[in-house]
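In: Take this sequence and fold it.
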Amino acid sequence: MNTTACESLNSFLRDHGHGDPLHTLHAQLRRAQHAELSRDQIDRIIRLYRQALPAIERALWSRGPNGERLAQYQSIFRELERFIAIRGDDHRHDFIVVIPVADRPRHLRQCLQSLLTLCQRFQYGGFADNRYSKVSVIVADDSKQPDNITRHECLCRHFTENGLHTEYFGQREQKQQIEGIDAHSRRSLAGVLGPCAENPDTADFGHKGASIMRNIAYLRLNRLIGEHKRDSTLVYFIDSDQEFRVRTPTGSSAADLYALNYFHHLDEIFTRTDADILTGKVVGDPPVSPAVMTGKLLDDVTGFLHHLSALEPRHGCSFHTRIGHETDDAAYHDMSELFGFSDAASVCEYHCTLPLPHDHAECFEDFAGKLNRFFDGQHPTRVTYFSYNGDLSATRPARTIYTGNYVFRPRMLDHFIAFATLRLRMAGPALGRLLKSETGEYFVSANLPMLHNRTVETTGVSECRPGVKRDTDSVDLAGEFERQFYGDLMLFTVERLTRTGYPARQLDESCVSSTLETTDAELRERYLRKHEHTVQKLAELKRFCTGRDHWWRNDPKLQAANTELARFMHNLEYNFGDASYGYKLINSAANRRQRHADILRAIMRYADERIAWRELLAQPPESQ
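Out: The predicted structure follows:
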């Protein structure tokens with residue numbers, strides 16, 4: 001056996017291995033370096049590695065995962081993988097990672113590169129025949145732009161050539177999947193697969209929406225897994241603007257690290273428990289629309305500018321205090337109490353991201369340059385960081401699906417993304433409430449978040465956000481805002497209905513309609529109250545910015561930064577001020593009647609769609 005094979009673990013154990021199983025493992029490895037190992041000896045060493053890993057992780061996070069400790073930690077996993085490869089029979093789960101994408105080649109490249117790097121750092125399942133053996137990818141392309149479609153296909157080939165088997169599931173393959181379904185089933189599932197179910201020959205096959213795209217991908221997965229009889233396969237859905245890293249505080253700054261061996265921990269969970277579906281969360285940028293973060297943002301921007309105005313512009317920057325974990329999961333949300341969270345502190349401090357040394361004028365310039373990224377969902381002050389809270393393979397009951405980070409056994413393909421054709425936001429939380437009602441304890445969450453990047457660093461904007469209109473200086477969020485309000489309405493209506501037995505119990509239409517109307521009245525009142533507060537906060541910020549002769553307004557070097565601040569104020573006023581079209585849209589009686597009718601119909605037909613869907617999935621692949 002190679003005498004350096006256990007070097008990283010031995011090094012760690014010399015520092016931390018004062019008790020069983022760490023001490024025992026150290027002794028075993030010292031002997032193993034100088035001997036040929038029997039099958040029983042290898043099995044014992046693998047078991048000891050697994051027993052030691054929680055202690056190793058606690059030690060890593062108690063001191064902080066700096067470069068040296070993190071590299072050592074990753075090397076320990078690679079050594080474990082070498083022992084598993086020597087043993088020769090690896091019965092752990094295979095993973096199919098599914099990435100829905102629409103016109104986002106830069107995001108997709110970054111996402112796939114992070115997955116490849118994760119495989120290289122931890123080597124889950126080993127590397128053989130020029131590929132990572134237990135990890136494969138399906139890129140489900142919902143793009144419209146031909147250039148982006150070509151770029152996505154090229155990325156799939158590139159990463160396959162580099163060891164990450166990546167299948168391109170494009171429009172042609174999607175149409176073939178749907179054309180293979182009989183006409184009756186297609187009509188029955190029009191609410192699941194969208195208009196393309198009834199007319200798969202349509203030329204306009206892009207931008208069907210994330211929920212419809214996921215459901216079509218479910219059909220491909222059902223056939224793929226069925227053909228290969230892969231009972232040990234886990235399906236892992238992520239978003240294209242995410243990475244397999246976590247953001248962690250490092251003093252007054254933050255670092256994005258490959259510090260979680262996602263596949264190892266997920267395999268542990270699905271091997272040790274009866275969980276059928278698991279959801280993680282995200283760190284970094286918030287996973288919600290700017291429409292529900294504006295009030296908290298205004299608090300923070302006003303607080304920052306008040307603080308900045310009292311400081312000398314050429315003095316060293318004082319916005320580099322230590323970053324903590326004081327913000328909770330919904331600190332960015334204006335109505336966090338709706339989701340069971342306490343309301344966050346009124347103001348969150350801005351943590352400057354410029355490297356020291358620099359002065360307050362440079363800090364202002366950088367801050368102003370970030371403000372308009374908010375309209376793409378990047379919050380300048382309320383960033384979520386990873387917090388290690390114990391065993392990474394521990395789970396707890398869940399009620400919300402984060403559609404950019406969820407994993408399930410193949411039998412859960414039965415549960416398609418509900419109400420897909422409405423194209424509302426909050427599809428994941430709504431599905432989560434249905435799953436909680438139907439699967440109970442088999443629906444769990446774990447502390448395995450992914451890094452969320454709403455914008456591309458080189459441009460400062462998201463590559464593609466269907467329904468959001470923008471030109472050089474303005475952005476119109478009205479469509480997204482309307483989808484957010486009615487997505488919330490769908491979510492909280494479904495939540496109330498599940499308390500009465502839905503979806504297992506078929507409810508009268510009058511009962512559903514009454515619940516919908518009651519929920520709408522309560523939610524609308526909250527939104528309108530929030531609007532009043534937002535208008536007041538916006539007026540306060542405008543008075544402060546224009547009512548005084550602040551130092552940044554008189555500095556010619558800060559002209560571009562002042563322009564960015566003015567553009568930010570204009571877009572806030574346009575989207576969330578007194579004349580906001582988004583609020584007019586959600587208060588439109590005609591739009592309200594149409595949305596209510598669509599939501600009511602979707603809720604009532606869900607049970608029949610579930611039956612038709614299960615019947616379709618149960619058919620032999622050749623008959624689909």
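
In: Could I get the contacting residues of the nearest residue to residue 302 once chain neighbours are set aside?
Out: Nearest residue to residue 302, sequence neighbours excluded (C-beta to C-beta, 6 or more residues apart in numbering): residue 541, at 4.9 Å. In short, each C-beta sits where N, CA and C put it, glycine included. With contacts defined as C-beta atoms under 8 Å, 6 or more residues apart in numbering, the neighbours of residue 541 are 298, 301-302, 305, 569.

In: and after the helix or strand harbouring residue 541, which helix or strand comes next?
Out: Assigned by DSSP states H and E, residue 541 belongs to helix 509-547. For helix 509-547, the following helix or strand on the C-terminal side (DSSP H and E) is helix 559-576.

In: Residues in contact with the next helix-or-strand element following that following helix: which ones?
Out: Following the chain from helix 559-576 toward its C-terminal end, the next helix or strand by DSSP H and E is helix 581-586. Applying C-beta under 8 Å, 6+ apart, the contact partners of helix 581-586 are 291, 476-478, 481-482, 485-486, 524, 527-528, 531, 575-576, 591-592.

In: Out of those, which two sit at the greatest distance?
Out: Taking every pair in those and measuring C-beta to C-beta, the maximum separation is 21.7 Å, between 476 and 524.

In: Settle it for me: which of the two has more neighbours?
Out: In this view residue 476 and residue 524 are compared by other C-beta atoms under 10 Å, and residue 476 has more residues nearby, 18 against 15.

In: any low-confidence regions in the stretch 101-250 of the chain?
Out: 203, 227-230 (pLDDT under 70).

In: residue ranges for the strands of it, please.
Out: Under the criterion DSSP state E, counting those that start in this stretch, the stretch 101-250 of the chain carries strands at the ranges 127-128, 131-132, 135-141, 166-169, 233-238, 242-243, 246-250.

In: Which positions in the last one come out as buried?
Out: For strand 246-250, burial by neighbour count (16 or more other C-beta atoms under 10 Å) applies to 246-249.

In: Go through these and say which is closest to residue 264.
Out: When the buried residues of strand 246-250 are compared against residue 264 (criterion: C-beta to C-beta), the nearest one is residue 246, at 14.8 Å.

In: Based on its surroundings, how many neighbours for the spatially closest residue to that closest one that is not a sequence neighbour?
Out: With C-beta to C-beta, 6+ apart as the measure, residue 386 is the residue that lies nearest to residue 246, at 3.7 Å, once sequence neighbours are left out. Burial measure for residue 386: 27 neighbouring residues, criterion other C-beta under 10 Å.

In: where does residue 386 sit relative to residue 122, distance-wise?
Out: 17 Å (C-beta to C-beta, to the nearest Å).

In: Torsion angles phi and psi at the residue lying closest to residue 175 once chain neighbours are set aside?
Out: Distances taken as C-beta to C-beta, 6+ apart put residue 200 closest to residue 175, at 4.8 Å, once the chain neighbours are dropped. With angles defined as degrees, to the nearest 10, residue 200 shows backbone torsions of phi -70, psi -10.

In: cool, residue 452 as well?
Out: Main-chain dihedrals, residue 452, degrees, to the nearest 10: phi -110, psi 120.

In: What is the burial count for it?
Out: By the criterion of other C-beta under 10 Å, residue 452 has 24 neighbours.

In: Identify the bridge partners of it.
Out: residue 242, residue 284 (DSSP bridges).

In: where does it sit relative to residue 381, distance-wise?
Out: With the distance defined as C-beta to C-beta, residue 452 ends up 16 Å from residue 381.

In: now swap in residue 242 and tell me
Out: Counting by C-beta to C-beta, the gap from residue 242 to residue 381 is 21 Å.

In: quick one, which of the two is more surrounded?
Out: When residue 242 and residue 381 are compared for neighbours, residue 242 comes out ahead with 26 against 22, by other C-beta under 10 Å.

In: show me what contacts the more buried one?
Out: Residues counted as contacts of residue 242 (C-beta under 8 Å, 6+ apart) are 111, 282, 404-405, 450-453.

In: just to revisit the earlier point, most surrounded residue in the contacts of residue 541?
Out: In terms of neighbours by other C-beta under 10 Å, the contacts of residue 541 top out with residue 301 at 25 neighbours.

In: for that one, what are its contacts?
Out: Residue 301 sits next to 371, 380-381, 541 when contact means C-beta under 8 Å, 6+ apart.

In: Kindly report the same for residue 523.
Out: 485, 488-489, 492.

In: Buried residues, the helix holding residue 541. List them.
Out: Neighbour-count burial for helix 509-547, with 16+ other C-beta under 10 Å as criterion, is recorded at 512-513, 515-516, 519-520, 523, 527, 530-531, 534-535, 537-538, 541, 545.

In: tell me the phi and psi of residue 282?
Out: Here the main-chain torsion angles of residue 282 (degrees, to the nearest 10) amount to phi -130, psi 150.

In: swap in residue 349?
Out: For residue 349, the backbone dihedrals are phi -70, psi 140 (criterion: degrees, to the nearest 10).

In: Contacts only, for it.
Out: Residues 303-304, 319, 321, 381 are the ones in contact with residue 349 under the rule C-beta under 8 Å, 6+ apart.

In: Show me which of these are buried.
Out: For the contacts of residue 349, burial is judged from neighbour counts taken by 16+ other C-beta under 10 Å, and it is met by 303-304, 319, 381.

In: Restricted to helices, list those.
Out: Counting by DSSP state H, these place 303-304 in helices.

In: which two from the contacts of residue 349 end up farthest apart in space?
Out: Farthest apart among the contacts of residue 349 by C-beta to C-beta are 303 and 321. That separation is 13.8 Å.

In: which residues touch residue 449?
Out: For residue 449, the residues meeting the contact criterion (C-beta under 8 Å, 6+ apart) are 246, 280-283, 384, 386, 405.

In: looking at those, which has the most residues close by?
Out: Most surrounded of the contacts of residue 449: other C-beta under 10 Å gives residue 386, at 27 neighbours.

In: Surely that residue is within a strand?
Out: No. Assessed with DSSP: H, G, I helix; E, B strand; the rest coil, residue 386 is coil; it does not lie in a strand.

In: residues near residue 73, how many?
Out: Residues contacting residue 73 under the criterion other C-beta under 10 Å number 24.

In: Where does it sit, in terms of helix or strand?
Out: Element membership for residue 73, per DSSP H and E: helix 67-87.

In: Contacts made by stretch 610-619 with the rest, please.
Out: Counting by C-beta under 8 Å, 6+ apart, the neighbours of stretch 610-619 from elsewhere in the structure are 181, 185, 188-189, 192, 219, 222, 413-414, 416, 503, 624.
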